[in-house]
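S.K.: Let me see the structure of the following:
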Amino acid sequence: MLKSLLELYIVFFKIGAVTFGGGYAMLPILERELVTKRGWTTNEDLLDYYAISQVTPGVIAVNVSTFVGYKHKKVPGAIFSTAGVVTPSIIIISLIAMFISNFEDIVWVQKALAGINVGVSALLTYSVLSFAKKTIKKWWNIIFYAGAFIAVFFFKVPSFLVVITAILGGLLIGFFSGNLKKAAEAPAGEAPSVTARSSQEAPAPTARSSQEASASQATSVEEPPASPEPPRADKAKEDK
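M.R.: Here you go, the predicted model:
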């Protein structure tokens, strides 16, 4: 148990140490470390964790690590994974605050941050394409995607309103599609459909035909010739 918890802590410590740009930029690393290498979760569950993290308080990276740790080792796993992902940030920020004053004014720091921003942009682009490939599969997904982009990009709608609207829309579509599916199915007690009747009635003629065939075969079989009768005793006397 302790070994598994330490492994959780070390894995998320490594993820937190090399990740810049927030939770979305962390997605490629999470997929490689948690899904491909260790099989602790699946791509579908990982996307669900990201979606839930949008509407729960806290940082996305911390929330996702908590969900993954809980799935792997319940409450102790959630504690160790969350501690692992936040420890590198605490250490780095503490060192910067202690030893370097006016951190943002240093030239080499500005150049480093500029390079990091470009790399983070690439990671975010990968995350967006990965999300789109795995989630946009139906016509209403495309409508939601386009509507959310237009609302955020052109009308500056807050992201939490977009997420809540998407949740309500998904619930409505699931509700109505479920009712349509139930209405399409025939209620219990009614006569079966043509396909069902044909499948039920199909064995009957086959059984009758097999019985008739066996009966005709039995009739057509000739009886064996009767054995000749022994000569009668009186006829033998007359011959004498």
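
S.K.: Please tell me I have it right and Val109 contacts Gly115.
M.R.: No: with contact defined as CB atoms under 8 Å, Val109 and Gly115 do not form a contacting pair (11.0 Å). Any C-beta I mention is one placed from the backbone N, CA and C, and that applies to glycine too.

S.K.: Between these two, tell me which one has more neighbours.
M.R.: Val109 (14 against 9; other CB atoms under 10 Å).

S.K.: which residues touch the more buried one?
M.R.: Residues near Val109 by CB atoms under 8 Å, 6 or more residues apart in numbering: Phe103.

S.K.: Quick check: nearest residue in space to the residue most central in space within the chain, chain neighbours excluded?
M.R.: Within the chain, one residue has its C-alpha closest to the average C-alpha position: by CA atoms, centre = their mean, that is Glu44, at 4.5 Å. Nearest non-adjacent residue to Glu44, counting by CB to CB, 6 or more residues apart in numbering: Lys134, 7.5 Å away.

S.K.: what is the mean pLDDT for the strand or helix carrying the one you found?
M.R.: Lys134 belongs to helix 107-135 when assigned by DSSP states H and E. Regarding helix 107-135, the rounded mean pLDDT is 84.

S.K.: Repeat that for stretch 52-64.
M.R.: 84.

S.K.: Can you name the residues in contact with it?
M.R.: Outside stretch 52-64, the residues that reach it (CB under 8 Å, 6+ apart) are 16, 19, 22-24, 26, 30, 46, 49-50, 67, 82, 85-86, 159-160, 163-164, 167.

S.K.: Return the subset of those residues lying in helices.
M.R.: In this view, those that belong to helices under DSSP state H are 16, 23-24, 26, 30, 46, 49-50, 67, 82, 85-86, 159-160, 163-164, 167.

S.K.: Which members of the residues you listed are classed as buried?
M.R.: Among the ones in helices among the contacts of stretch 52-64, those buried by neighbour count (16 or more other CB atoms under 10 Å) are Gly16, Gly23, Tyr24, Met26, Leu30, Leu46, Tyr49, Tyr50, Phe67, Thr82, Val85, Val86.

S.K.: Can you give me the separation between the fourth one and Glu33?
M.R.: Going from Met26 to Glu33 by CB to CB, to the nearest Å gives 10 Å.

S.K.: quick one, what contacts the closest residue to Asp45 other than its chain neighbours?
M.R.: In space, and not counting its chain neighbours, Asp45 is closest to Lys71: 7.2 Å by CB to CB, 6+ apart. With contacts defined as CB under 8 Å, 6+ apart, the neighbours of Lys71 are Trp40, Thr41, Asp45, Gly77.
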